[in-house]
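# dropping the sequence and predicted coords here.
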Amino acid sequence: MEFSKMFAQNMAMLITCAYLANLLYKYAIYRMPAGFKYIGSVLLLIAGGWIATLFGFQLTKDVIFDMRIVPLLIAIFVYRSPTIVFMVGLGIGLTRFAFGWSEAAMAGFINLTILGAAGALLNVWLRRSRFGFPAQAAIAIGIINLLNCVNITIFGVIPKAYYWTHIVPYALPTSIVLCAAFAFMLRDFQKDQQRTIQLAEANRLLQKQTEELSKNKIVLEDRAKQLLLASQYKSEFLANMSHELRTPLNSIINLAQFISDSAEDTPSEEMARYGELIFHSGEDLLKIINDILDLSKVEAGKLEISSEDISLFEVPGWVGPYFELTAQRKQLAFDIRVDDNLPEVIHSDPQRLQQILRNLLSNAFKFTEKGGVELRVYRASEPQLKGEWLVFAVRDTGIGIAAEKHYTIFEAFQQADVTISKKYGGTGLGLSISRDLSRLLGGFIRMESVEGKGSTFSLFLPLL
């Protein structure tokens, strides 16, 4: 009966130490790197075996009875490596020599070493077994306790008959019951740890989802602003478009009505002037409609591009006569320069190339009140561009574009300022169409502009 009390006292000390070890692991070892944390937990179990021996029941001067097998059982259930389980058994066996070198100490070392090897085999079996935890715990506890008794019988210094008649009947059942209680305490602790880990993981996922929702909210708000801005631009575009369409239509209708009502009394010279006005108004109206159709075709991917041989020396004839009158009327200098080192012929779509140049020059003249406009055609070979490029650069000394508008000026329905369309007119489609056409031709448009100092729009086309 004395052995039962001793084992219970020894187990109470182990439970106290286990609680303290749990606190140490939770607040110190757990925060260490993974390798140190693993080594720390192993050393805690070996230290637990030493403490069980320290507070064990001393039968004689050298013989100590204790519950040092409990830390080994913990290792069997906790670790996935059988090598670690064996090392725990070996470590606990070595701690027996801390209480003196004797035949009993050697027997204790051999016993724990054998139990460590058996525990390693049990660890492998447990990981492959399909039994539930109660059955696994019962088998492991039974085998370790029985093997402990056999080892003491074989290697111990206590007489065998005395050991099996006076000690085993009390010590073995008490040890099994206490080990079982400790095993289920360990199981409850593991479940609590798993719940803590799952809760921490759930909190981490929740925090991650909250951050993602926050980012998505910012993106949605940004898109909502963009949609609102696009809606505003389209509303302004429709208002401008109604004005742009109404102006030439009113001119055509009014002049046609005037001619119809007073054809007999109107001199032929004045009739010719009215006819010219009607013609120009019709051209303006047709240009607006063509711009809208071109934009819709580009967006639908149905704009066809042809490829022909184009002589670069024809370029001045495309745009010169068209804008010379505008330059004279606004008293602006207009210069066209074609470099000498260019190929005589390029392969592209002449209609679309002419459309881009006219759009760029039209904008240049529209927003330039003094100074001049220049079109220069030259060859470019820059470090950031692969190969050689043919550049059509349109430079003006007009109002320029603010830096914050450089990325929006090419969007459809947009101009640098809402007041520009009221002052200068236009639909805001020219640059958007020109950018899309340049991409269809295999090139791009680059803009350099300083507010109040003018702009340069350069069309880059690849030289094959």
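Nice, I can see it.
# list phi and psi for Gly400.
phi 70, psi 180 (degrees, to the nearest 10).
# I figured it hits Ser449, correct?
Yes: Gly400 lies in contact with Ser449 (Cβ atoms under 8 Å); the separation is 5.0 Å. Bear in mind the C-beta positions are built from the backbone N, C-alpha and C, glycine included.
# between these two, point out the one with more neighbours.
Per other Cβ atoms under 10 Å, whichever of Gly400 and Ser449 has more neighbours is Ser449, with 21 against 18.
# so what does whichever strand or helix holds the more buried one touch, helix or strand wise?
In this structure, Ser449 is located in strand 444-450 according to DSSP states H and E. Using 3 or more Cβ pairs under 8 Å, 6 or more residues apart in numbering; DSSP states H and E, the elements in contact with strand 444-450 are helix 430-440, strand 454-462.
# now do the first one against strand 454-462, angle only.
Computed by axes from the mean of the first three to the mean of the last three Cα atoms, to 10 degrees, the angle separating helix 430-440 from strand 454-462 equals 20 degrees.
# pLDDT of helix 430-440, averaged?
The pLDDT scores in helix 430-440 average 84.
# tell me the buried residues in that helix?
Gly430, Leu431, Ser432, Ile433, Ser434, Arg435, Asp436, Leu437, Ser438 (16 or more other Cβ atoms under 10 Å).
# same thing with stretch 394-411?
Val394, Arg395, Asp396, Thr397, Gly398, Ile399, Gly400, Ile401, Ile409, Phe410.
# closest to Val168 out of the helices and strands packed on strand 444-450?
The closest of these to Val168 is helix 430-440. By Cβ to Cβ, the value is 92.2 Å.
# could you dump the buried residues of helix 430-440 into JSON lines with distance to Ile445 added?
Shown next, in JSON lines, are the buried residues of helix 430-440 (distance: Cβ to Cβ, whole Å):
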{"residue": "Gly430", "distance to Ile445": "11"}
{"residue": "Leu431", "distance to Ile445": "8"}
{"residue": "Ser432", "distance to Ile445": "11"}
{"residue": "Ile433", "distance to Ile445": "11"}
{"residue": "Ser434", "distance to Ile445": "6"}
{"residue": "Arg435", "distance to Ile445": "5"}
{"residue": "Asp436", "distance to Ile445": "10"}
{"residue": "Leu437", "distance to Ile445": "9"}
{"residue": "Ser438", "distance to Ile445": "5"}
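# so where is the stretch 301-450 of the chain shaky, pLDDT-wise?
301-302, 383, 406, 408, 411-428 (pLDDT under 70).
# okay, helices next: where are they in it?
Using DSSP state H, counting those that start in this stretch, the helices of the stretch 301-450 of the chain run over 315-330, 350-366, 418-424, 430-440.
# same question, the stretch 51-200 of the chain
Using DSSP H, counting those that start in this stretch, helices in the stretch 51-200 of the chain cover 69-78, 82-95, 103-128, 133-155, 160-162, 168-262.
# tell me which of those sits nearest to Asp62.
Comparing those by their distance to Asp62 (Cβ to Cβ), the top pick is helix 103-128, with 3.9 Å.
# so how far is the closest one off the chain centroid?
Put simply, helix 103-128 sits 51 Å off its chain's centre (Cα atoms, centre = their mean, to the nearest Å).
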